[in-house]
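Chemist: Take a look and give me a structure for this.
(chains A, B, C and D)
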Protein chains: 2
Amino acid sequence: MRENGHKLTPQRLAVARILARSEGHPGVEAIYEQLQDDFPTMSLATVYRSVMLIKSLGEVLELGFPDSGNRYDGNKPYPHPHVICVRCRKIFDPELPSLQDLTREVTAASGFKILTHRMDFFGICRACQGKERDTDR
Amino acid sequence: MRENGHKLTPQRLAVARILARSEGHPGVEAIYEQLQDDFPTMSLATVYRSVMLIKSLGEVLELGFPDSGNRYDGNKPYPHPHVICVRCRKIFDPELPSLQDLTREVTAASGFKILTHRMDFFGICRACQGKERDTDR
DNA sequence: TTGACCAATGATAATTGTTATCAATTAAAG
DNA sequence: CTTTAATTGATAACAATTATCATTGGTCAA
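Modeler: Coordinates of the predicted model:
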């Protein structure tokens, strides 16, 4: 990761590293906690700023949720569908061949110049389906 | 609109009426402003509470955005795709035949029990494409 | 290598959209 | 009408994020 007129600080490097390596889609708080070992004095504000910068460089995809913090995907920093477990909050990336057809249809149906999109499916993951739930008792 | 153990107040009626009649997808603030004529003393909190109640009755769809207030759709209170203009913030409902295939693929690919979904396309609407933009000068 | 400058940091205040609190009001049932 | 619990209005509290500002520290030129 090289910079375009931005200073390369240890803090930024650390955040970028975490984003690049995380398989699950971490939130700012999760990133902050992972940094506690190596950077105990690092401010939460710096985590926000670093993530914002990396996002502006197009190296991370931001997944905003209105009721809970944003999550970040550093592995596929371009729009793609997500499947989210409403129980354990895990996020998966499904392969959806029909997606191509759909985006074509959107342009045709709306006349918009489409810039980006957001596609989230919410449900119960296989693991959580296995566990007993409240309604069973 | 009848109630299931909830009192029918003028405020709730007014909010429900606005939600049912609005073609554009209004936010709480927009609803609040429309109410100023008939209910000048009505509290913003009551707007929030009324919308929340109506949502819990399944009569309105909530569209949450992390950076800007939520918007509401009282005409189609079930999950469906939206096309949103990033310039004027207008929201349209496109017809997307491929949607059926896509939801099938999600279930197959993820193993999730899908409960709901959220599908937003962001771009520039036809009207805003016509207007000159900053980059032109 | 050193020094200076300006961007970045840390700590915290401010902000925004939303929910909670609570005394006063009012819809609903008798 | 009266009673009573739900609802309202006003405002405080809240959570996630952004802004502020004095201090620190990368970076680059000498």
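Chemist: pLDDT of whichever strand or helix holds residue A:14, averaged?
Modeler: For residue A:14, the host element (DSSP states H and E) is helix A:10-21. Regarding helix A:10-21, the rounded mean pLDDT is 96.
Chemist: mind checking how far the strand ranked longest in chain A is from the chain centre?
Modeler: Counting by DSSP state E, the longest strand found in chain A is strand A:113-124. On the basis of CA atoms, centre = their mean, to the nearest Å, strand A:113-124 sits 12 Å off its chain's mean C-alpha point.
Chemist: That one and DNA strand D in contact?
Modeler: No: using CB under 7 Å from any atom of the strand, strand A:113-124 never reaches DNA strand D; the gap is at least 14.6 Å. The way it works is simple: take the backbone N, C-alpha and C, and place the C-beta from them, glycine included.
Chemist: which residues sit against that strand?
Modeler: Applying CB atoms under 8 Å, 6 or more residues apart in numbering or on different chains, the external contacts of strand A:113-124 come out as A:63, A:79-87, A:94, A:99, A:103, A:106-107, B:83, B:86, B:103, B:106, B:110, B:112-124, B:129.
Chemist: show me what contacts the spatially most central residue of chain A?
Modeler: Nearest residue to the geometric centre of chain A (CA atoms, centre = their mean): residue A:72, 2.5 Å. Residue A:72 makes contact with A:19, A:22, A:25-28, A:31, A:51, A:55, A:60-63, according to CB under 8 Å, 6+ apart.
Chemist: cool, and residue A:25?
Modeler: A:63, A:71-73, A:82, A:91.
Chemist: Quick one: these as TSV, columns for secondary structure and distance to DNA strand C too.
Modeler: Below are those laid out as TSV (DSSP: H, G, I helix; E, B strand; the rest coil; distance: CB to the nearest atom of the strand, whole Å):
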residue	secondary structure	distance to DNA strand C
A:63	strand	17
A:71	strand	18
A:72	strand	17
A:73	strand	21
A:82	strand	21
A:91	strand	22
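Chemist: Quick check: of these, which lies closest to residue B:39?
Modeler: Nearest to residue B:39 among these: residue A:63, at 37.6 Å, using CB to CB.
Chemist: State the distance from that closest one to residue A:79.
Modeler: 10 Å (CB to CB, to the nearest Å).
Chemist: Burial check on residue A:80, number of neighbours?
Modeler: Using other CB atoms under 10 Å in any protein chain shown, residue A:80 has 16 neighbouring residues.
Chemist: cool, residue A:83 as well?
Modeler: Residues near residue A:83, counting by other CB under 10 Å, number 24.
Chemist: swap in residue A:43?
Modeler: Close neighbours of residue A:43, defined as other CB under 10 Å, add up to 11.
Chemist: and if you look at residue A:28?
Modeler: So residue A:28, with other CB under 10 Å, has 18 neighbours.
Chemist: Could you pull up the contacting residues of it?
Modeler: Residue A:28 neighbours (CB under 8 Å, 6+ apart): A:44, A:47-48, A:51, A:69-70, A:72.
Chemist: Against DNA strand D, which of the contacts of residue A:25 make the cut? List them.
Modeler: Counting by CB under 7 Å from any atom of the strand, no member of those reaches DNA strand D.
Chemist: tell me which element residue A:129 is part of?
Modeler: When elements are assigned from DSSP H and E, residue A:129 belongs to helix A:126-130.
Chemist: That helix close to chain B?
Modeler: Yes: contact of helix A:126-130 with chain B (CB under 8 Å from any CB of the partner chain) involves A:126, A:129.
Chemist: So which elements touch that helix?
Modeler: Contacts defined by 3 or more CB pairs under 8 Å, 6 or more residues apart in numbering or on different chains; DSSP states H and E place helix A:126-130 against no helix or strand at all.
Chemist: buried set for that helix?
Modeler: Across helix A:126-130, burial judged by 16 or more other CB atoms under 10 Å in any protein chain shown covers residue A:128.
Chemist: How about the contacts made by the nearest residue to residue A:46 once chain neighbours are set aside?
Modeler: Using CB to CB, 6 or more residues apart in numbering or on different chains and skipping residues adjacent in sequence, the residue nearest residue A:46 is residue A:11, 5.2 Å away. By CB under 8 Å, 6+ apart, the contact set of residue A:11 is A:39, A:42, A:46, A:50.
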